[in-house]
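Trainee: Predicted structure and sequence below. I'll ask about it afterward.
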Amino acid sequence: MADSGGPEAAQLSSNDPKGELGDVIPEEARSLLRKMEISVAEAEKRTGKNAVNMLETYTVYLIETRRVDSSAENQNFSPDSLWRRYSEFELLRNYLLVTYPFVIVPPLPEKRAEFVWHKLSADNMDPDFVERRRIGLENFLLRVASHPILSNDKIFYDFLTEENGWKEEVMETGFQPKLFILADSRLKALNATFRVKNPDKRFTELKHYSDELQSVTSQLLRVRARVADRLYGVYKVHGNYGRVFSEWSAIEREMGDGLQSAGHHMDAYAASIDDILEEEENYADQLKEYLFYAEALKAVCRKHELLQYELETAAQDLMSKKQQREELASGTVRTFSLKGMTSKLFGQETPEQREAKMRVLEEQIQEGEELLQEKKTECDEYVRNAWSDMERFTVQKDRDLREAMISYAVMQISMCKKGIQVWTNAKECFSKM
Amino acid sequence: MSAGTPKSLPSSGQKSIQDISHPLSAEESVLTPSPDVGNTTSSLGEKQYSFPLTTSLQAPACMAFIHSYQDLSLPNGTPAGTSSPGSSSSLLNRLQLDDDLDGETHDLFVSVDDPKKHVSTMETYITYRVTTKTSRTEFDLPEYSLRRRYQDFDWLRNKLEESQPTHLIPPLPEKFVMKGVVDRFSEEFVETRRKALDKFLKRVADHPVLSFNENFNVFLTAKDLNSYKKQGLTLLTKMGESVKYVTGGYKLRARPLEFAAMGDYLDIFTQKLGTIDRIAQRIIKEESEYLVELREYSPVYSSWAGCEGELQKPLEGVSSCVSSSSSALEELTEDMSEDFLPVLREYVLYIESMKNVLKKRDQVQAEYEAKLEAVVLRKDEKSGVPADVEKCQDRVECFNADLKADWDRWQNNKRQDFRQLLTGMADRNIQYYEKCLAAWESIIPLLQEKPDIKSETD
């Protein structure tokens, strides 16, 4: 099980060019990040003509990379950089999906803003959305770069470093048609006739888990958005106290000052919710990542199912061929076939005919055996690789979600402390009335 | 029992009323406008009254005026005008001991508690226990404890308004409740009402004039209040003149600035209270909706915990924190509904009744002015002013004096009440946040349990 170190490791290595924190990142990581700092530094709006020659506005993101030399010399290398747009990230990811089907490929940040609560904008051009997407894209790159297998991919490396010609390069790998197969497997999974006879129990459980994870995280995100909405309302209404206390204080003598200052605190209280909820969006993004990871998990399960199906089909075909050979040899017809019936009706075959058939069958059986062996190997290898990545993923997920919950709790604590502070201040003002 | 002739009280001689301390006033110069009454008072000196008050009158004449309103024979048979508490001498004695309103002798303690439901064939209603502890001689016993229902409080308040029209009578909680909307017998409603009734009695008990009102005494002591109520009706008819005077329908020429300021203040204050009430209601509504969402939020974490291995405990922990926050929030909204809103509404009622008193005062003044004018227009060159005009003038002056004193007292009480109300609101919010804080802080160690996980606390 390879612990790839995750994005924290990436952060550490980017803050730690001298590699002094080398102990924290396990030696077997072999990740790209030991050699290179990666970040998505900026986002910019561009306008250009698209494929159908129409003007469109889109956002591009600046990817910066810098070589990290463990021999302490490297501080002032200026970073290399290039601009990429979201669709190119999508291309990269699809390529990775096809090329490493047994890997739980890190997800991209959402294409369109979902789970918004009323104050948040659902507009893709909204600066807050763009900013959060920039962070999400950076996170994606760091995750890929810290994956023991994905990080070694040349196309990935070129994505980070080759501005021109990357698109053509990735197309040449021919991954796109294979993408259809992936999509096809999705359809097949829905098809009732596509059924695996001896499903691998572990993968069944995994698929079940991925469904649950997907369902629960999307539910959580929806409710959290509603909670945020309501909380916003509660805080903002308190701002009205500010105004009315101020107006009231105008007709009071002794009570006036206390009321007025208390009113200011109520205004501060109402204003504080904006920052609080903005910070909470980070937590939502962390949850979203795992919502999308669940989908990646499902893809791995589906691919396995497909392989298993092919294996079983191959075995089935082989068995039926062997049976035919047996029948041919012994002359008994156990299986019903139109040919068999016609030959019965219209006379037996000649020995030459039978021999020819036998030869064909033997060939087919030979091919079948080879195919079966191939499929078996493929399947076993897939299971091995997928399971290894699954274990890596589980460790990463448990760690990441635990940290997400800690930071959520910390946010709640901070919110409570601020609340206590404001109301204590207001109470002091009231007591001086 | 009739309104006897006023006993001649010790006179302070021929002094202008402006120079004499009013018996009921706590301050030296009673006619200085209250400092609380807005900026308009800054320019008012001691003698800024717009209606003619040139004749020097004996202040004690005002006391005679008071006597004509009170029932002069007390239940214990003490004849009027001797050492009755209504007499100015004992009043003066008492006031000489105290320097300010807050330092009044507290020799009468009342409380309202222990609500109980009574079911009879005719109706179902709630009674409250009214307990009195006192050292006053006007009471036969030092302690009383009896049961009263809302109707009785309502009767008392009406009697006080009738018999002490120049004073500000504290309000009662609302009489009518919409059946089907509010459950008259729910714990919350009864408790809210009990608190308001308790406050009402305490305010009356603390008032230097109202607390000596005979009806109040009867309310606190009589075993059979209903028969007394019937008795009281005959009294009412004999009080004819005193009750009717407010329906004069005279037009006021110029309201003294001081009382105009009071009216303005009350108008604006009512407005602000209304706004605060609306804001508080809105907050409660938003908080309730927030609570609904929180209640959906917590179980999702629980069901997620169900499909996880290592993350199960942390997720359960988060779920329980959210639940704790929900409970704390529920308490907060309940408290605000039960304790905060009713007090605001009570004050709005208080102000309504105060505005009525101000109107009455205007009427009394208008009547006086009209009569005075009538006299002036009459060509009879009688020396001196006819008795009934003099009486009117007395009324005006006493009313003004009573009102002023009550106003000061009211302002003081208002300040205390709102200080208490608002600090209470702040306290409840602090408690809410403290509960949530405790829950979330307790979960941090649980979340950090695994030894090789990096922690991210501030």
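Mentor: The structure has been received and is ready for your questions.
Trainee: got the domain boundaries for chain B?
Mentor: Segmentation of chain B into domains, based on the TED database, reads B:106-229, B:253-448.
Trainee: Among those, which comes closest to chain A?
Mentor: domain B:253-448 (3.6 Å; CB to the nearest CB). All C-beta spots, glycine's among them, are computed from the backbone N, C-alpha and C.
Trainee: Would you map the helices across the stretch 201-350 of chain B?
Mentor: With DSSP state H, counting those that start in this stretch, the ranges of helices along the stretch 201-350 of chain B come out as B:214-221, B:225-238, B:240-244, B:257-306, B:312-335, B:341-377.
Trainee: How about residues contacting the fifth one?
Mentor: Where contact means CB atoms under 8 Å, 6 or more residues apart in numbering or on different chains, the residues beyond helix B:312-335 that reach it are A:401-402, A:405, A:408-409, A:412, B:188, B:284, B:287-288, B:290-291, B:294-295, B:297-299, B:301-302, B:304-306, B:308, B:428-429, B:431-432, B:435-436, B:439-440, B:443, B:446-447, B:449.
Trainee: how about low-confidence regions in chain A?
Mentor: Flagging of chain A using pLDDT under 70 yields the residue ranges A:1-31, A:69-77, A:118-122, A:180-194, A:331-349.
Trainee: To A:L297, which of the domains of chain B lies closest?
Mentor: A:L297 lies closest to domain B:253-448 among the domains of chain B, at 12.6 Å (CB to CB).
Trainee: would TSV of the domains of chain B with mean pLDDT be doable?
Mentor: Below are the domains of chain B laid out as TSV (pLDDT from 0 to 100):
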stretch	mean pLDDT
domain B:106-229	88
domain B:253-448	90
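Trainee: Of all the ones you listed, which one is nearest A:R67?
Mentor: Distance to A:R67, taken as CB to CB, is lowest for domain B:253-448 among these, at 35.8 Å.
Trainee: So how do I select the buried members of the contacts of helix B:312-335 in ChimeraX?
Mentor: Burial among the contacts of helix B:312-335 is assessed by 16 or more other CB atoms under 10 Å in any protein chain shown; the matching ChimeraX selection reads:
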select /A:401,402,405,408,409,412 /B:284,287,290,291,294,297,298,301,302,304,305,308,428,429,431,432,435,436,439,440,443,446,447
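Trainee: check whether the longest helix along chain B contacts chain A.
Mentor: In chain B, with assignment by DSSP state H, the single longest helix is helix B:387-447. Yes. With CB under 8 Å from any CB of the partner chain as the criterion, chain A is reached by helix B:387-447 at B:415, B:418-419, B:422-423, B:426-427, B:429-430, B:432-434, B:436-437, B:440-441, B:443-444, B:447.
Trainee: got the contact list for residue 225?
Mentor: I'll assume chain A. Counted by CB under 8 Å, 6+ apart, A:A225 has contacts A:115-117, A:284.
Trainee: wait, chain B
Mentor: Residues in contact with B:L225 (CB under 8 Å, 6+ apart) are B:148, B:152, B:155, B:218-219.
Trainee: Spatially central residue in chain A, please.
Mentor: In chain A, the C-alpha nearest the mean C-alpha coordinate belongs to A:P107, at 2.1 Å (CA atoms, centre = their mean).
Trainee: Show me the beta-bridge partners of B:Y128.
Mentor: B:Y128 has these beta-bridge partners by DSSP bridges: B:R148.
Trainee: how deep is it tucked in, by neighbour count?
Mentor: Using other CB atoms under 10 Å in any protein chain shown, the number of residues around B:Y128 comes to 24.
Trainee: One more: the one 3 residues further on?
Mentor: A count of nearby residues for B:T131, using other CB under 10 Å, gives 17.
Trainee: Show me the strands in the stretch 1-150 of chain A, by range?
Mentor: A:36-49, A:55-67, A:80-85 (DSSP state E, counting those that start in this stretch).
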